[in-house]
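Quick one, fold the following:
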Amino acid sequence: MTLSQRRCLYIVALTILPICTQSAELALSGDIGVGRSGNVQRVSSGGSSDNIETLGVQFAVLQDSDRYSLNLLGDLAGYRYANRTYNDQLSGTANGSAALHIIPEALSWVVEDNFGQARRDLFTVVTPINSENINYFSTGPDISLRFDANMRLLAHLRYGRVDYELSPYGTDDYEALVGLERNLSSSSTLSLDLSDRHVVPEQASGSPKYDSERAFIRYSVRGSVTTAGLDVGASRLVEYNKTDTGPLILATVTRKLSGYSSVTLQAGREYTDAAGALATTTGAPALTAISNLTAVGGSGVLAITQSATPYVHNFGQLSLNMDGLRTHVRFGLSGADDRYLGQAQLDRKTYAATGIVTRALTPKLTIRVDGSYTRNEFQTRSNDYREASGILSLNWAVGRLLSLQLSGEEYRYSSSGAGNSVTEPRVWLKLTYGQRALRQFAPSRAQFASFATN
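So this is what the prediction gives:
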């Protein structure tokens, strides 16, 4: 069984499980459609057209009880090309976490999985033959030992596995974390945490083993208007006789601007790798509407570098959410500076902007505009590239759960290194069955939310 088949089976199994329980919150929809591409190979000139068939599923599941909890979020689609330009393709992202509370509020066993796609060649345009599936699976126990009403000892152990569909960059990792947490008030906590993560890349990758060590203080506060979290400390990478040390800073602030709008600011510096990038990109602090899942250039391929090498990740991100009675707006700006240890050819700066605006024209007719722009600047190569995409969609609610969608897309790519410029237009006609607007779910009330580290 291939990696794609295994992951699809896993996702379907976890989706079906909570449907049988009365307390599960579920949002599920599926679509079938046909489309046409005006440049399916995404080449500068001489590209051909092709008809595309698609079958997709979108799901969001929240299950929480004293004995177990489950969070799932996914947007997956299969594509078939009429002229067999490419083989059948699976695209999209999915992430899930499940916890069995063996001893409530004291011992839980956790399973997590993150699935997506990444470029095989970072310096060329995304196509089905320049992308592959990537999956990060982890499991282990969470432990909480309470000393009194305000103080407890927290610990977790994890085994994780990164799998690439084709590339030899898979890794096994073993992580241990211990922390001492104190409740400062009913809405704020302070903790001292120590962690060590041992990573063993596949031998074929040529990358050495390494350890990622962290010591930090974590402060979190949740108010009626503002929610904030801050990790401050030191981190170290140990690779044989080579050591790299630097500060660890992770900060997140979310503020409600009104009853229907909020703004979130995130910034930090940390050591991470492909596993951390995949978990951050496909994961979400809360299960939100499936429509918020976006990927690079509308291609379904995430901005993850194919490498087993760790890197220093400096980043900042600003996002704005507005939800009115008829209009919904999502807007984000982000920037990152990544420095790979021992692979300077991968060092890059990334700047991105995304936006989604949805407007209900009538009770049955909705218009939506999506846009994204990404610029990558490499430090040692002249392969800088830019990607942009735009989507205009019109959705007509035929019935309570049935809707018809017509959309037009345009994807653009340009690279300074190869000197090429690519444009691909597409049109789609899709029939969707399911909830038209997947409502937002609350975050999981997992007992060990304070251990949400990358």
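
Extract the C-alpha set from stretch 340-347 and format it as PDB.
Output of stretch 340-347 as PDB, limited to C-alpha atoms (Å, rounded to 0.1, in the frame of the first residue of the first chain):
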ATOM      1  CA  TYR A 340      19.900  26.000   7.000                       C
ATOM      2  CA  LEU A 341      22.800  24.500   9.000                       C
ATOM      3  CA  GLY A 342      25.300  23.100   6.500                       C
ATOM      4  CA  GLN A 343      23.100  23.700   3.400                       C
ATOM      5  CA  ALA A 344      23.500  27.400   2.600                       C
ATOM      6  CA  GLN A 345      22.000  26.900  -0.900                       C
ATOM      7  CA  LEU A 346      18.600  26.500   0.800                       C
ATOM      8  CA  ASP A 347      18.800  29.700   2.800                       C
END
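
any idea of the mean pLDDT in that stretch?
Stretch 340-347 comes out with an average pLDDT of 81.

for that stretch, which positions count as buried?
If you call a residue buried by 16 or more other C-beta atoms under 10 Å, then stretch 340-347 has these buried ones: 340, 341, 343, 346, 347. All C-beta spots, glycine's among them, are computed from the backbone N, C-alpha and C.

Against residue 238, how distant is the second one?
Distance check for residue 341 against residue 238: by C-beta to C-beta, to the nearest Å, it reads 11 Å.

Where does pLDDT dip in the stretch 1-150 of the chain?
In the predicted model of the stretch 1-150 of the chain, residues 1-24 satisfy pLDDT under 70.

hmm, try it at 80
Low-confidence segments of the stretch 1-150 of the chain, defined by pLDDT under 80: 1-26.

which residue ranges form the strands in it?
Counting by DSSP state E, counting those that start in this stretch, the stretch 1-150 of the chain has these strands, from start to end: 25-37, 50-64, 68-81, 89-103, 107-119, 131-146.

Of all those, which one is nearest residue 271?
Shortest distance between residue 271 and those, using C-beta to C-beta, is found for strand 131-146: 16.4 Å.

List the strands paired with the closest one, with their directions.
Strand 131-146 pairs in its sheet with strand 107-119 (antiparallel), strand 151-164 (antiparallel), by DSSP bridges.

For residue 378, which of those strands is the nearest?
Nearest of the strands paired with strand 131-146 to residue 378, taken as C-beta to C-beta: strand 107-119 at 13.4 Å.

which of the residues in that closest one are buried?
Burial within strand 107-119, assessed by neighbour count using 16+ other C-beta under 10 Å, is assigned to 108, 110, 111, 112, 113, 114, 115, 116, 117, 118, 119.

likewise stretch 410-421?
Quick answer for stretch 410-421 (16+ other C-beta under 10 Å): 411, 412, 413, 414, 415, 420.

quick one on the thing from earlier: let's have the strands of the stretch 1-150 of the chain in CSV, adding distance to residue 188.
Formatted as CSV, the entries for the strands of the stretch 1-150 of the chain read as follows, by distance: least, C-beta to C-beta, whole Å:
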stretch, distance to residue 188
strand 25-37, 28
strand 50-64, 23
strand 68-81, 24
strand 89-103, 24
strand 107-119, 23
strand 131-146, 18
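
quick one: low-confidence parts of the stretch 151-300 of the chain?
In the stretch 151-300 of the chain the weaker segments, taking pLDDT under 80 as the threshold, are 204-207, 240-241, 274-300.

Would you map the helices across it?
Taking DSSP state H, counting those that start in this stretch, the helices of the stretch 151-300 of the chain run over residues 274-282.

which residue sits farthest out from the middle of the chain?
No residue in the chain sits farther from the centre than residue 148, which is 36.8 Å out by C-alpha atoms, centre = their mean.

what about residue 316, neighbour count?
When neighbours are defined as other C-beta atoms under 10 Å, residue 316 has 14 of them.

Please name the bridge partners of it.
Beta-bridge partners of residue 316, as defined by DSSP bridges: residue 267, residue 335.

residues in contact with it?
Shown here is residue 316, whose contacts under the criterion C-beta atoms under 8 Å, 6 or more residues apart in numbering are 265, 266, 267, 334, 335, 336.

pretty sure the second one contacts residue 252?
Yes - under the criterion of C-beta atoms under 8 Å, residue 266 is in contact with residue 252, at a separation of 4.9 Å.

if we can go back for a sec, only whichever of the contacts of residue 316 are buried, select them in PyMOL.
Written as a PyMOL command, the selection of buried residues from the contacts of residue 316, which uses 16+ other C-beta under 10 Å, is:
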select buried, resi 266+334+335+336
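
what would the contacts of residue 316 look like in TSV with distance to residue 188?
Listed next are these as TSV, based on distance: C-beta to C-beta, whole Å:
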residue	distance to residue 188
265	19
266	19
267	20
334	28
335	29
336	29
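
farthest pair in the contacts of residue 316?
Comparing every pair within those by C-beta to C-beta identifies 265 and 336 as the most remote, at 14.7 Å.

Residue 139 and residue 173: what is the separation?
Using C-beta to C-beta, one obtains 12 Å as the distance from residue 139 to residue 173.

Can you list the residue ranges for strands in the stretch 151-300 of the chain?
Using DSSP E, counting those that start in this stretch, strands in the stretch 151-300 of the chain cover 151-164, 171-183, 188-201, 210-222, 226-239, 242-258, 261-272.

Spit out the contact partners of the residue nearest to residue 210 when sequence neighbours are not counted.
Setting aside the residues directly before and after it, residue 210 is nearest to residue 239 in space (C-beta to C-beta, 6 or more residues apart in numbering), at 4.2 Å. Applying C-beta under 8 Å, 6+ apart, we find residue 239 in contact with 208, 209, 210, 211, 341.

State the distance from the last one to residue 216.
The one in question is residue 341. If you measure residue 341 against residue 216 using C-beta to C-beta, the figure is 20 Å.

go on, the second one?
Separation of residue 209 from residue 216 (C-beta to C-beta) stands at 23 Å.

what does stretch 176-191 contact?
149-158, 192-196, 217-223, 450-451, 453.

now it, how far from the chain's geometric center?
The offset between the C-alpha centroid of stretch 176-191 and the centroid of the whole chain comes to 26 Å, using C-alpha atoms, centre = their mean, to the nearest Å.
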